[in-house]
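K.L.:
Need a 3D model of the sequence below.
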Amino acid sequence: MSTPSEYQRVAEDFLAAYESGEPIAPPRETIPGLDLNGAYRIQQLQEQAFEKAGRRVVGRKIGLTTPAMQKQLGVDSPDFGFFTEDMVFENGAEIDTSRFISPKVEPELAFELGSDLPADATMKQVIDAVASTRVAVEIIDSRVRDWDIELVDTVADNASCGAVILGTPFTEVDLRALPETRLIMQVDGQPQDTGTGKDVMGHPLEPLRWLAGVLGEQGVPLKAGDVILTGSFCGAAPVEAGCRIIVDSTDMGLLTASFV
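P.N.:
Numbers count the residues shown, from 1 in each chain. Presented below is the predicted three-dimensional model:
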């Protein structure tokens, strides 16, 4: 049976990896029998350490929202992590790749909440709570060596979140039509992949409703002002210094960023 000290030790290993850029062994090997609750506990310890250091948590990211990714990791539900204010970049940003270990990019939608969400939120309540919608990119990164991850490893590693890039906020988006929204991603002018909102659990707001329930069970409500990324529309693409990415949306314009 895992002990609090084992969770703390792995959390400290992850925190050290952020600083050193040196990835660590998969937590499932460090703590044999590590379960999902333990993995989230390791993640929470890192979140607490960030907040103690003055880094403000401003949002959540949801991952594993497509059948293909769930099949790859052998799961049937999403996972989630957090991001802090200093992990957020704006449209057109130049991003220093040295802050990451092995970054990849995923096109998504981000939603800012204008009101709190109850744990048992209906889809109508979710729609009513959304204040703005943005095209977004999550920069996923693994502090686990060689991306050698199973579900408990990525959860412990803050759901492999490295940073997020947020596009222009739109307040008049038809949220019920989001399943038809298309995102097309290019890296250095080369098309990478494309997807529509219905690829994200049928509707990009469905993961947000799921997250409200999961966090509500933990006594951590989603509140007004939170920004939530609800999962990639398509596969991730690796990036390195010198790369420029463009994500084109059918109805919310372009998001661009350069890696240096």
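
K.L.:
If I follow the layout properly, Arg209 ends up in contact with Ala119?
P.N.:
No - between Arg209 and Ala119 there is no contact under CB atoms under 8 Å: 10.2 Å. The way it works is simple: take the backbone N, C-alpha and C, and place the C-beta from them, glycine included.

K.L.:
The two: who's more crowded?
P.N.:
Arg209 (19 against 16; other CB atoms under 10 Å).

K.L.:
for the more buried one, helix, strand, or coil?
P.N.:
Following DSSP: H, G, I helix; E, B strand; the rest coil, the label given to Arg209 is helix.

K.L.:
In the sheet, which residues pair with the spatially most central residue of the chain? Tell me.
P.N.:
For the chain, Lys61 is the residue whose C-alpha lies nearest the centre (CA atoms, centre = their mean; 3.1 Å). Beta-bridge partners for Lys61, by DSSP bridges, are Gly81, Leu229.

K.L.:
just use 295 as the starting number from now, easier for me
P.N.:
OK, 295 is where the count begins now, so the last one is Lys355.

K.L.:
who's in contact with it?
P.N.:
By CB atoms under 8 Å, 6 or more residues apart in numbering, the contact set of Lys355 is Phe374, Gly375, Phe376, Phe377, Glu432, Ala453, Cys455, Val458, Ile522, Leu523.

K.L.:
Dump the residues you listed into a markdown table; add neighbour count and pLDDT as well.
P.N.:
A markdown table is the format used below for the contacts of Lys355 (neighbours: other CB atoms under 10 Å; pLDDT from 0 to 100):
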| residue | neighbour count | pLDDT |
| --- | --- | --- |
| Phe374 | 24 | 94 |
| Gly375 | 24 | 96 |
| Phe376 | 20 | 96 |
| Phe377 | 25 | 97 |
| Glu432 | 27 | 97 |
| Ala453 | 24 | 95 |
| Cys455 | 24 | 97 |
| Val458 | 23 | 98 |
| Ile522 | 26 | 97 |
| Leu523 | 29 | 98 |
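
K.L.:
which SSE is Val304 in?
P.N.:
Assessed by DSSP states H and E, Val304 sits inside helix 298-314.

K.L.:
And that helix, what does it pack against?
P.N.:
On a contact count with 3 or more CB pairs under 8 Å, 6 or more residues apart in numbering; DSSP states H and E, helix 298-314 meets helix 321-324, helix 330-346, helix 445-450.

K.L.:
just those: most buried one?
P.N.:
Most buried of the helices and strands packed on helix 298-314, by mean neighbour count (mean count of other CB atoms under 10 Å): helix 445-450, with a mean of 26.

K.L.:
Show me what it is in contact with.
P.N.:
304-305, 308, 320-322, 328-330, 332-334, 336-337, 357-358, 367-369, 373, 375, 436, 438, 454.

K.L.:
do stretch 540-548 as well
P.N.:
Stretch 540-548 is contacted from outside by 401, 427-429, 431, 461-462, 464, 467, 474-480, 549-550, using CB under 8 Å, 6+ apart.

K.L.:
three-state assignment of Ala518?
P.N.:
Under three-state DSSP, the three-state class of Ala518 is coil.

K.L.:
my read: it touches Ser409, true?
P.N.:
Yes - when contacts are counted by CB under 8 Å, Ala518 is listed as touching Ser409 (5.1 Å).

K.L.:
Spell out which residues are contacts of both of these two.
P.N.:
With contacts taken as CB under 8 Å, 6+ apart, Ala518 and Ser409 have Ala423, Ala425 as neighbours in common.

K.L.:
Now do Ser296, the pLDDT please.
P.N.:
Looking at Ser296, its pLDDT stands at 68.
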